[in-house]
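Asker: Okay, predicted coordinates and the sequence, questions at the end:
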Amino acid sequence: MNKNILHKLFLLVGMMLISIGASAQGKVTVTGTIVDSQGETIIGASILEVGTTNGTVSDFDGNFKLEVKPNAQLRISYVGYNTQTISVAGKTKIEVTLKEDSEVIQEVVVVGYGAQKKESVIGAISQVSSKDLLQTPAANVSQALAGKVPGLVTTQTGGAPGADDAKLNIRGRATFAGDGSPLVLVDGIEREFSQIAPDDIETISVLKDASATAVYGVRGANGVLLITTKRGKEQKPEVSLTANFQFQSPTRKPKYLNSYESVLLLEEALSNDGLASQYTAADIEMYRKSVNGELSGIDAMVYPNVDWYDEVIKSSAPAQRYNVSVRGGTRRMRYYASGEYYNQSSLIKNLSQDQYDNSSSPGYRRYAFRANMDFFMTKDLTLSVNFGTRFEERKGSNTDESSTNYAIFRYLNHTPGWIFPVYTIAHNGDTEMTLYGGNSIYQDNVVAALAKAGYYKGTNTINETNFILNYDMGWLTEGLSVRAMASFDYDSYYRKLFGATYATYELNDRANPDNYYSYNKFNTDGELGYSQSSSTTYKLYLEAQVNYARKFGNHDVTAMVLYNQNDYHYNSDLRKRYQGIVGRVTYSYADKYLAEFNMGYNGSENFAKGKRFGFFPAFSLGWRLTQEDFMKGIEWLNNLKIRASYGQVGNDIYSVNGVIQRFLYEEKWSQISGDYYFGSSTNSGDAHNKGIYEAQYPNYGVTWERAHKFNLGIEFGLWNGLLNGNIDLFYEKRNDILTTYLSRPEWVGVVMAAGNLGETKNKGLEIELKHFNRIGKDFNYNVGLTFSHAKNEIVNMDEPAIKDAWRKQTGHAIGQYFGLISDGFVTESDIASGSLPVSTFGEVKAGDLKYRDINNDGFIDDRDVTYVGYSDIPENTYALTLGAGWKEWGINIMFQGVDHVSRYYDSDAMFAFVDNGKVKNVHQSRWNPNESEAYNLANASYPLLHYGSNGNHNQRQNSFFIKNGAFIRLKNVELFYNVPAKWIQKVGMSSCRLYINANNLVTWDHLDDLNIDPESNGSNRYPIMKTVNFGLNVVF
Amino acid sequence: MNINKLYTFVASMAVAFTMTSCEDAFGDFLNKEPSNELTEEQVFSDWSLLRQFHWDTYAFLREGPLRIGNSWLDAATDLAETSYGTGGTRTSFNIGNYYASSASDELTGTWESRYRAIRKCNMLLERIDKVPKLSTLSQEEYETEKATFKAEARFFRAYFYWEMFLRYGPVPIVKEVLDPDGDLLSGYTTRPSINEFINFILTELNECQSNLLTYEASTVASEYGRVNQPIAAALKSRILLYMASPRFASESGITWTQARDAAKSFIETYGNYYSLVTENNQGLGAYNNAWYFTPYQDNNKETIFFRNKLAISWGDISSDTPVGEGGSGGLCPSQNLVDMYDMADGSAPFANYDATGAPVYSGGKPSINLGSGYSDANMWADRDPRLAATVLYHGVSWGNGVINVIQGQRDNPLGNQNATPTGYYLRKYIPATILLNEHAGTARRLWKIIGYAEILLNYAEAENEVNGPSETVYGLLDQIRHRGGIYGNVADRQTWTKETMRNFIHKERTVELVFEEHRWWDVRRWGVAVEALSRPIYGVNVASDGSITRKVAQNRVFEEKMYLYPIPETEVWKTSIENNKGW
């Protein structure tokens, strides 16, 4: 299964060396084929005549040919399979079926600044292979990771083309100083990874405990993701072509009530608030007809029934991805080169009326190229060069497209369908004009915005380069090598926005709808103008490393020390720099007892000299019980390893509202122009206009946050692969988390920089179980289950001791939701009792939410806010994978779920008539004033309707509207067919695979009534997509 | 394989390692890149930077419009209501919630920002002596400016403490630059007495006054707006008047005579410099011009202490203009205020007035003084011209239209939540010139903190308390009322007693200084805040036939404990400082 490239490579190299030295005299020629238990040929298996150096490797058809002594014994071996020894015994043709090694296969795991054999890894590390990744059709790597790694929490909040990254957290979150995102390194360098071509990725390693992350020192506390791209192999060129055709559609689409239903509820809301009616019974009757399609002409215009979603959104958006790669090598050099084209279009129709056909429909295109090359300059010296280049093109409309507030969707969710039509045709003299609808409250018409407001185009050019020299110093002492790496990354972003204003029109003379002058006009139709923005980033990274690895009998020792520095420049901002050294010593005795020491000693520019560098050590121990003699007899137990680690790691990120705060040790004095004026002076050069103030008092002792992490793991393999698994338990304590001082009185008179005051703890576990079985020759299946749990708690954040207990965040999870507690609905008797607390948020009537006055001061206000629900990062995540293979067919299914998570969706997703907006189906089951109280208490699932800000009381963050964010998704399904070799070989192919895969196909959750995806934070953003993908992979 | 070579290599690695494990060995790679950020050392070693540090203190002067979550402090009084349904005073003071976050700008923001300003003053006082002379200054100029700056810092410190006193009562007096990392509690958690606190403020004002700029020095083109000697005297007049008032007199030990003398001496000392604005004849124009005229461009002699501001435009006033004009309603005057205006001839439209200055209501309306000619059906006619200068009522032509508050009409459209809750919109402070050319106009609008009219009213009020109604009192009041456009004389209106005159002065002060952040404090010092602030806010409905009916626009809550704000609760948590009574 795990045909690890490095080891294949080693074997290949070894065997070739051997075969070169073999002689061919006085012998018989044996030919044969090597296949696996499924009958598939094995390429690159080594065949060695026992007792000699004579050998070869199997070719691309699994065939080999070797001259041997007539009575020779052949030893046939291949990574991941049991080695077999076969007597030639005069035979000239041999058919060998290799059995897969049931034990854990010689797999290499990428660790910080190196790689280790899987058996000897004693840190908590999970690794995802290329194959796993490609089962998901997502072209965004961060999305493809969902459910694949125990302990990695992914949260996708939007699906906009080119802006659909998932948010990642390893083992939940243990800091409130930043967002707790892990450090991500691509080929050893801090880089964006989500838009890397998925086919280029060899492995993704997720480092979780301190043993694994201590080497990242001051930056490792939130875990580390290591992405390794593919490299060449010593083989003849292997060309792989992949084509994917996708159809994306939203997992959920908000649905709003039609005009007739809406105006009925609107009238009810107005009447609830004692506001004047807006529509007469006759009007409402016309809306009924309009909804039934019985109106035409002016009536249809005056009583519109617009479904804005239908006007703007397509049912699905296509995407394509093509990838070509070539991989191969000789003894002198190896290469992997690839090119990818990805084109993702959006759900939004191209309504642009631009005269040069520029589209306003958002879209994303990616051209990615990669060339990873290894040159074996001398016996000892290897030079590796990696080039990764990406051109990203983004385009879209002239509307605000931030990930949390995507204007097009906000308009769609917010613009009522009953007030004005999309457009009308009117005449100004002989000129026919298209007049887009609008009114004084809704001056924006999304169709008009897409048609006339312009568009943008953005390009992002990313160049990533690594130069690596590896020098084997075996001449000095065996096992010693040195390595140096320099990396230069450059990223240039350019965006040009072409924008124009546009007018909307409201009919005010219903008698003459055809006359342009019958309309009130809002804004004006402007000329297209443009603006542009750009940014550049460059990064220079240097690293020098000494490695030592040697085996003395049963003593296996490795040691590594490394120096690195990182220099990051964004535009002309102050540079960001890191510097440090890294060390690791590992020891193993007879592959049985394992011990490791890792350390990072590194510094962050964010802190003052003397507080800058931190020493972060980690110790870990492992015991492979199955290597012990006393365990040898236990047939069913193939592998058992216990590992434990303790270590410290740091975090230097402190952000406020997403903005990273640096240099807290520095006093901040701000100089502002135009601060105060004397007389009528307005000259900017006048000293009187400028002011200086003390913006922040420094924290002279500011330093990094420190995590203390414990991890206990067990790995096991039972019944020859029928059950493999591992379980990890972890506990983490953090201190010195940067947080605002809450205990210093304000009469000090100055804003203070954050202090290292916070403490948290975080604990949990990860379980991973795998079952693999083969029934007969042609059928196999597997089942995998992962579960992870991480629960954190704030231990201290400088909250004063006498603060109201219910309002303290201390003792609760980071980011736990706080809100008012709702005890159902207010009843008539509550109001009659006179003891109902006064709401600070508006007048309360029967049917409104009844909040708990926790502090008993007679008011419902922010002081009654307490913790409700969970945080927005799930405590529990789980995944179930099912796979089966029958001959050339295979299927893989993954269900992914999260639990113990709360969500509070944006107001347009939940509330009726918010900002005079519209209503959804869920509002039909509101507290209906025309029904009895008993009926309402039994049936209402939404409080009394209100108009606009009159609904403020109900629309507070509260326990009624906080949603259970738990869900289960049918995350991935893949069905594939490998075209049999006999058919494809004729056209020179070595493999041809056809597949259909899909993600986010079905979601089960608790929010069906809201019609939004549980992972999104609301409806005013680009929806999360479901993708169905048809793909073809051909290898020559 | 050479074992010695190995040892040498390992040893050199080890040496390298131990050396680099010390932070210094990493060199300066991680030093912050040089940047042009200021430091404290620079600020206090360069006179021109010190000046900028000092000018910033002026920026702590506040202005009334939109100060509290888009509403005005006066929207918390009986004079007005804000049309914003969701924020500001409407969901805090007006429902009696003095912890509401919607008024945090006032309730907790005052505490935080005043102490921040006070730190600035303390810092200037502690460090200015070490700041070297600017080369372009003569030694004498340098010394004078230094003395002036110190005096201004002391003035501001006293003024900021006064602002806090009104809200929280006596608060910890910080007179030094505190070290945030040091002991911040000792000596500060016990609150001073009123007497101690006021003495501190008055002493500071007395001591700083002579070193402040003189009137002449502060009224040259580039200095208009600087704190000068008259400002200190004017502030003293206000403080003494407050302290002599019923609410404070026993604890402050200040008498009406002292208050009278302070106002009188201001008029005697600075009366040549200051006078009421009477340009544009009497009445509506002159009253508003006291606001729209600047001291530096329009020779406004009425403004004593002000927060300067550049010209304002539509964005600065749109929040307080009628919805029919495209604005958001904002500060909407109440019927209670409208009822406080006299008739244009100076007679009283209503029969009785109470100590809050308002006519006495029964059954939701005041009883009419039949001789005045007032009628509810015609309530805006023949009134004190300051009514029309202050309030936009139905039928008034203003801006680009005629105010129409009939339901469904221009200024009261269906579905617009910012339509006036009282039937009135604001006119005072809203320069109509901005509305010209599709709202493209600009205008000057300073925020007047102390004006000459207030001094006259201070004098009148204290004088009446000392000597009862007199020619002096009548003269002061007539000066104000005639400027406002009333043509009758106070003395002719009725027979005055000290009590009726007191109520009349309260009314006059309220009307003349309406929306200048006086009412909120005046009703407190008079000890009538519960009466004034807990009664309903009235408004009017105008029916489609134009008939007017009174209505209750909002019920208000005010309890005894609300005379003072609670100390911000986070501060109580941190310091366990004694909170105000009732909180």
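Answerer: Thanks, I have it.
Asker: my guess is A:Val239 meets A:Tyr336, correct?
Answerer: No - judged on C-beta atoms under 8 Å, A:Val239 makes no contact with A:Tyr336 at a distance of 11.5 Å. Where you see a C-beta, it was placed from the backbone N, CA and C, and this is true even at glycine.
Asker: The two - which one has more neighbours?
Answerer: Applying other C-beta atoms under 10 Å in any protein chain shown to A:Val239 and A:Tyr336 shows that A:Tyr336 carries more neighbours, namely 23 against 15.
Asker: burial measure for the residue of the stretch 101-250 of chain A found nearest chain B, as a count.
Answerer: Relative to chain B, the nearest point of the stretch 101-250 of chain A is A:Val218 (10.9 Å; C-beta to the nearest C-beta). Using other C-beta under 10 Å, A:Val218 has 28 neighbouring residues.
Asker: helix/strand/coil for it?
Answerer: helix (DSSP: H, G, I helix; E, B strand; the rest coil).
Asker: wouldn't it be in contact with A:Asp652 here?
Answerer: Yes - the criterion here is C-beta under 8 Å, and A:Val218 meets it with A:Asp652 at 5.1 Å.
Asker: shared neighbours of the two, anything?
Answerer: A:Ser604, A:Trp704 (C-beta atoms under 8 Å, 6 or more residues apart in numbering or on different chains).
Asker: just to revisit the earlier point, give me the common contacts of A:Val239 and A:Tyr336.
Answerer: Counting by C-beta under 8 Å, 6+ apart, the residues touching both A:Val239 and A:Tyr336 are A:Ser325, A:Val326.
Asker: Write out the residues of the stretch 501-650 of chain A neighbouring chain B.
Answerer: Residues of the stretch 501-650 of chain A lying close to chain B (C-beta under 8 Å from any C-beta of the partner chain) are A:546, A:561, A:563, A:565, A:574-575, A:577-581, A:583, A:601, A:603-605, A:609-610, A:612-613, A:615.
Asker: From these, list just the buried residues.
Answerer: Among these, those classed as buried by 16 or more other C-beta atoms under 10 Å in any protein chain shown are A:546, A:561, A:563, A:565, A:575, A:577-581, A:583, A:601, A:603-605, A:612-613.
Asker: Which ones among those map onto strands?
Answerer: Of these, the ones assigned to strands by DSSP state E are A:546, A:561, A:563, A:565, A:577-581, A:583, A:601, A:603-604, A:613.
Asker: worst-scoring helix or strand of chain B, pLDDT-wise?
Answerer: Using mean pLDDT, DSSP states H and E, helix B:3-20 stands out as the lowest-scoring helix or strand of chain B, at a mean of 56.
Asker: what is the rounded mean pLDDT of the helix or strand that it is followed by?
Answerer: Per DSSP states H and E, the first helix or strand lying C-terminal to helix B:3-20 is helix B:40-43. Helix B:40-43 carries an average pLDDT of 93.
Asker: Point me to the residue of chain B nearest chain A.
Answerer: B:Arg119 (2.7 Å).
Asker: Now that residue: which helix or strand?
Answerer: Taking DSSP H and E as the criterion, B:Arg119 maps to helix B:109-127.
Asker: Run through the neighbouring helices and strands of that helix.
Answerer: strand A:691-696, helix B:47-58, helix B:139-168 (3 or more C-beta pairs under 8 Å, 6 or more residues apart in numbering or on different chains; DSSP states H and E).
Asker: Could you list the buried residues of the last one?
Answerer: So that's helix B:139-168. For helix B:139-168, a neighbour-count test (16+ other C-beta under 10 Å) marks B:142, B:145-146, B:148-168 as buried.
Asker: Flag the shaky bits of chain B, pLDDT-wise.
Answerer: For chain B, the stretches with pLDDT under 70 are B:1-22, B:281-283.
Asker: any idea which of the ones in strands among the buried ones among the residues of the stretch 501-650 of chain A next to chain B is closest to B:Ala311?
Answerer: Ranked by distance to B:Ala311 (C-beta to C-beta), these are led by A:Arg577 at 46.6 Å.
Asker: For the nearest residue in space to the closest one that is not next to it in sequence, list the residues it contacts.
Answerer: Nearest non-adjacent residue to A:Arg577, counting by C-beta to C-beta, 6 or more residues apart in numbering or on different chains: A:Glu605, 4.7 Å away. By C-beta under 8 Å, 6+ apart, the contact set of A:Glu605 is A:Arg575, A:Lys576, A:Arg577, A:Tyr578, A:Arg612, A:Arg662, B:Leu30, B:Asn31, B:Lys32.
Asker: Identify, from the residues you listed, the entry nearest to A:Asn756.
Answerer: For the contacts of A:Glu605, the nearest to A:Asn756 is A:Arg612 (13.9 Å; C-beta to C-beta).
Asker: correct me, but the closest one touches B:Asp24?
Answerer: No - assessed by C-beta under 8 Å, A:Arg612 is found out of contact with B:Asp24, at 10.5 Å.
Asker: So which bits of stretch A:222-232 are buried?
Answerer: Buried residues in stretch A:222-232 (16+ other C-beta under 10 Å): A:Asn222, A:Gly223, A:Val224, A:Leu225, A:Leu226, A:Ile227, A:Thr228, A:Thr229, A:Lys230, A:Arg231, A:Gly232.
Asker: And for stretch A:330-338?
Answerer: Neighbour-count burial for stretch A:330-338, counted by 16+ other C-beta under 10 Å, picks out A:Met333, A:Arg334, A:Tyr335, A:Tyr336, A:Ala337, A:Ser338.
Asker: Kindly report the same for stretch A:854-866.
Answerer: So for stretch A:854-866, counting by 16+ other C-beta under 10 Å, buried means A:Ile854, A:Asn855, A:Asp857, A:Phe859, A:Ile860, A:Asp861, A:Asp862, A:Arg863, A:Asp864, A:Val865, A:Thr866.
Asker: can I get the CA coordinates of that stretch in CSV?
Answerer: Extracted in CSV, the C-alpha atoms of stretch A:854-866 (Å, rounded to 0.1, in the frame of the first residue of the first chain):
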residue,chain,number,x,y,z
ILE,A,854,-29.1,37.5,35.8
ASN,A,855,-27.9,40.4,37.9
ASN,A,856,-31.5,41.2,39.1
ASP,A,857,-31.1,44.9,38.4
GLY,A,858,-34.4,45.1,36.6
PHE,A,859,-32.8,45.6,33.3
ILE,A,860,-32.0,43.3,30.5
ASP,A,861,-28.7,44.5,29.1
ASP,A,862,-25.1,43.5,28.4
ARG,A,863,-24.5,42.9,32.0
ASP,A,864,-26.8,39.9,31.9
VAL,A,865,-24.7,38.3,29.2
THR,A,866,-23.3,34.9,30.1
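Asker: Rounded mean pLDDT for that stretch, please.
Answerer: Stretch A:854-866 comes out at a mean pLDDT of 92.
Asker: Can you tell me what sits against it?
Answerer: Contacts of stretch A:854-866 (C-beta under 8 Å, 6+ apart): A:804, A:806-807, A:818-821, A:837-841, A:851-853, A:953, A:957, B:95-97, B:99-101, B:569.
Asker: From those, which land in helices?
Answerer: With DSSP state H as the criterion, helices contain B:Glu569 from among those.
Asker: Generate a PyMOL selection restricted to the buried subset of the contacts of stretch A:854-866.
Answerer: Of those, the buried ones can be selected in PyMOL as follows, counting by 16+ other C-beta under 10 Å:
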select buried, (chain A and resi 807+818+819+820+821+837+838+839+840+841+851+852+853+953) or (chain B and resi 95+96+97+99+100+101+569)
